[in-house]
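Peer 1: The following comprises the amino acid sequence and a computationally predicted model.
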Amino acid sequence: MMHMFCCREMNRFIQDPRDPIFFDPFVREYYLHVEGSTTRITFAFCPWCGSQLPHSLRHELIDIIETEYKLDVPIFEVKGNKLLPKEFETDEWWKKRGL
């Protein structure tokens, strides 16, 4: 199995849908999903190898939407928002900006 993440263990946990650890490429966030809720516990470091993970881009996303598009949109309403370009449907928004 090819390693897409920082180590074999992180790769295994993220690739297995039965595990509660996920990677959200939209906001570049590694997190633990708390079952039965909408809570995400984000990781700054890999719990297995200790590597520092890229920081989440949640705040940057909201800042860009507010400054570039003059919109006040909750993060859960960004995808599918007709007032925003299609780049905000995927991780294209941050890759395009070199974040």
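Peer 2: That came through, no problem.

Peer 1: For residue 2, report the pLDDT, please.
Peer 2: Per-residue pLDDT puts residue 2 at 48.

Peer 1: what's the answer for residue 38, then?
Peer 2: Looking at residue 38, its pLDDT reads 85.

Peer 1: Provide the count of other residues in contact range of it.
Peer 2: 7 (other Cβ atoms under 10 Å). For every residue, glycine as well, the C-beta is placed using N, CA and C.

Peer 1: any idea which element it lies in?
Peer 2: Using DSSP states H and E, residue 38 sits in no helix or strand.

Peer 1: Let me see the contact set for residue 43.
Peer 2: Listed by Cβ atoms under 8 Å, 6 or more residues apart in numbering, the contact set of residue 43 reads 30, 31, 32, 53.

Peer 1: residue contacts, the first one?
Peer 2: So that's residue 30. 10, 14, 21, 22, 23, 42, 43, 46, 53.

Peer 1: A strand includes it, no?
Peer 2: Yes. Counting by DSSP: H, G, I helix; E, B strand; the rest coil, residue 30 is located in a strand.

Peer 1: any idea how far the closest residue to it other than its chain neighbours is from residue 17?
Peer 2: Using Cβ to Cβ, 6 or more residues apart in numbering and skipping the chain neighbours, the partner closest in space to residue 30 is residue 43 (4.4 Å). According to Cβ to Cβ, to the nearest Å, residue 43 stands 18 Å off from residue 17.

Peer 1: Which stretches in this structure count as strands?
Peer 2: 21-24, 29-33, 40-42 (DSSP state E).

Peer 1: Mind listing residues that contact stretch 11-28?
Peer 2: Under Cβ under 8 Å, 6+ apart, the answer for stretch 11-28 is 1-5, 10, 29-35, 54-58, 61, 75, 79, 90-91, 94, 99.

Peer 1: which other helices and strands contact the helix ranked longest in the chain?
Peer 2: Across the chain, the longest stretch assigned as helix under DSSP state H is helix 58-69. Under the contact definition 3 or more Cβ pairs under 8 Å, 6 or more residues apart in numbering; DSSP states H and E, helix 58-69 sits against helix 92-96.

Peer 1: buried stuff in the helix it packs on?
Peer 2: For helix 92-96, the neighbour count (16 or more other Cβ atoms under 10 Å) marks 93, 94 as buried.
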